[in-house]
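Asks: fold the following, please.
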Amino acid sequence: MNGKSSLVDAVVVTKGMDNFIESCLFSLCRQTRPLGRIIIIDNSANSMISRKFANDQRFEFFPQPANLVYGQALNKGIEASASRFILCLNDDVILDEHFIENALKGFSADDQVGMVSGRILRSGSKRIDSTGLFLSYYRSAKERDHGTKDSGQRNKEEVVFGVTGAVAFYRRQMLEGIKLGSDYFDSDFGFFYEDLDLAWRANNFGWRGYYVPSAIAYHVRGLTTRGVQGVGKRFARRFLTDELYLSLIRNRHLAIIKNERLVNLLFYLPFILFYDVMTLCFTVLLRPRLLMALFPRPAVLLSAWHKRKLIKSKLALPNNSFQT
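Replies: Below you'll find the predicted structure:
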C-alpha cells in the first residue's frame, strides 16, 4: 500500500478500446460520494490514454510495459491504493452517480461483508448483466439473472456468494487477509474465473458477499475477451480465441482444486463430470484441434495444489478464519 489512506479508491484496468475508458472515468468523477484516488492500470499498447489525461490531476496512471491480464493488473492497482474499500472496474463500465454512496451501505450491513455487488445492467438495454456471482452445482461461475429483463425482481438487499469482476467492490481487510503471497487475484488465472476464485477463497475464510439493488452500474460484457462481434451474443465461448477458450476450461479446474472442500467435492462430483463431458463434446464438434491441450498441464495443477495447501495452512492460524 502506498499513499495517503482514504475511504474508497477505484482501480480501473484499461486496454484503451473504443474510448470506453473516458465514459468510465467521468462516471467515477460524478459520484455523490467522492473517491480518494482513481488509479488506472494502462494496458493499452501505446499509452494513448495516459497521455490524453496527463494533465488531469483526478487520475493516476500506471502504464505497464507488458500487457497484464485483468487479475494481474488489478493486483498492481490494489497494491498502489491505501483505502479501506476498493472498487475494481473494467473500463467498459459506467456507474450511476449514486453507485458508491449506495454500495457502501452493504459493508455496513455486517462486519462479515467483504464484497458488495450492485445491480449491474447491460449497457444500452434494460437487461441484467449480474445481480451477484454464485457458484453453480457444476462448480462454474454463475452470474445471477444474467440476460434476463430487469423487472424489479431483485429489489431486496441480501447475501450473495460473490461479485462480478467487472464491478467488484471489496473491503481491504478481507483482501489482505486472504491474499496468497503478493496475489489478491491469482496471477496464474489470466482471464476467467479470477473473480470466482477470489470469492470462493473469501467464503472459505468466513467472508460474505452482499447485494445492494440501489447501486446501479452498466456494463458492456465480453468486449475485452470476445471483441465487438461477440458482445451480447449467446454461447459466448464461440467467439473466444483458442487461448482464451483453454483458459476458460482450465481455470474452472484450478478454482476447484484450490477451494473445494473434500466433502463438497464428493457431493458435486457427478455435476462436475457432467460439465466436463459436455465441454469435451463441444470441443470435439467445434474445436477438435484443441483436444490435446484441453486440460491443465501437470505444472499448473501442482501450482494450484500448492496454493490449496497455503490456504489450508493460513486457515489453521489462530483467528485467521475471520477477523472483525
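
Asks: next up, identify which helix or strand L196 is on.
Replies: Here L196, judged by DSSP states H and E, is contained in helix 194-204.

Asks: starting at the chain centroid, how far to that helix?
Replies: Averaging C-alpha positions (CA atoms, centre = their mean, to the nearest Å) puts helix 194-204 9 Å from its chain's average.

Asks: helices and strands around it, which ones?
Replies: Under the contact definition 3 or more CB pairs under 8 Å, 6 or more residues apart in numbering; DSSP states H and E, helix 194-204 sits against strand 113-122, strand 133-135, helix 172-178, strand 208-219, helix 242-259, helix 298-315. In this view, the C-beta of every residue, glycine as well, is placed from N, C-alpha and C.

Asks: and these, which is most packed in?
Replies: Mean neighbour counts were compared across those using mean count of other CB atoms under 10 Å; the top stretch is strand 113-122, at a mean of 25.

Asks: contacts for the helix holding L196?
Replies: 70-71, 114-115, 133, 135, 141, 161-165, 168, 174, 178, 184-186, 189, 208-209, 251, 254-255, 258-259, 261, 311, 315 (CB atoms under 8 Å, 6 or more residues apart in numbering).

Asks: what stretches of the chain score poorly on pLDDT?
Replies: Within the chain, the stretches with pLDDT under 70 are 1-4, 17-18, 45-47, 50, 65-66, 222-236, 319-324.

Asks: centroid residue for it?
Replies: G165 (1.9 Å; CA atoms, centre = their mean).

Asks: can you list the buried residues in the longest helix seen in the chain?
Replies: The residue-count maximum for a helix in the chain (DSSP state H) belongs to helix 262-286. Buried positions in helix 262-286, judged by neighbour count with 16 or more other CB atoms under 10 Å: Y268, I272, Y275, D276, T279, T283.

Asks: with stretch 59-77 instead?
Replies: 59-62, 68-77.

Asks: what would those look like in JSON lines with distance to S5 and secondary structure?
Replies: Rendered in JSON lines, the data for those read as follows (distance: CB to CB, whole Å; DSSP: H, G, I helix; E, B strand; the rest coil):
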{"residue": "F59", "distance to S5": "19", "secondary structure": "strand"}
{"residue": "E60", "distance to S5": "15", "secondary structure": "strand"}
{"residue": "F61", "distance to S5": "21", "secondary structure": "strand"}
{"residue": "F62", "distance to S5": "19", "secondary structure": "strand"}
{"residue": "L68", "distance to S5": "25", "secondary structure": "coil"}
{"residue": "V69", "distance to S5": "28", "secondary structure": "coil"}
{"residue": "Y70", "distance to S5": "25", "secondary structure": "helix"}
{"residue": "G71", "distance to S5": "24", "secondary structure": "helix"}
{"residue": "Q72", "distance to S5": "24", "secondary structure": "helix"}
{"residue": "A73", "distance to S5": "22", "secondary structure": "helix"}
{"residue": "L74", "distance to S5": "19", "secondary structure": "helix"}
{"residue": "N75", "distance to S5": "19", "secondary structure": "helix"}
{"residue": "K76", "distance to S5": "18", "secondary structure": "helix"}
{"residue": "G77", "distance to S5": "16", "secondary structure": "helix"}
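
Asks: between the residues you listed, which is closest to H146?
Replies: Ranked by distance to H146 (CB to CB), those are led by Y70 at 18.5 Å.

Asks: dump the residue contacts of that closest one.
Replies: Applying CB under 8 Å, 6+ apart to Y70 gives the contacts V13, N90, G165, F185, F191, E194, T224.

Asks: same list, the buried residues of stretch 59-77, but as TSV with distance to N203 please.
Replies: Below are the buried residues of stretch 59-77 laid out as TSV (distance: CB to CB, whole Å):
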residue	distance to N203
F59	33
E60	32
F61	34
F62	30
L68	26
V69	23
Y70	21
G71	18
Q72	23
A73	24
L74	19
N75	20
K76	25
G77	23
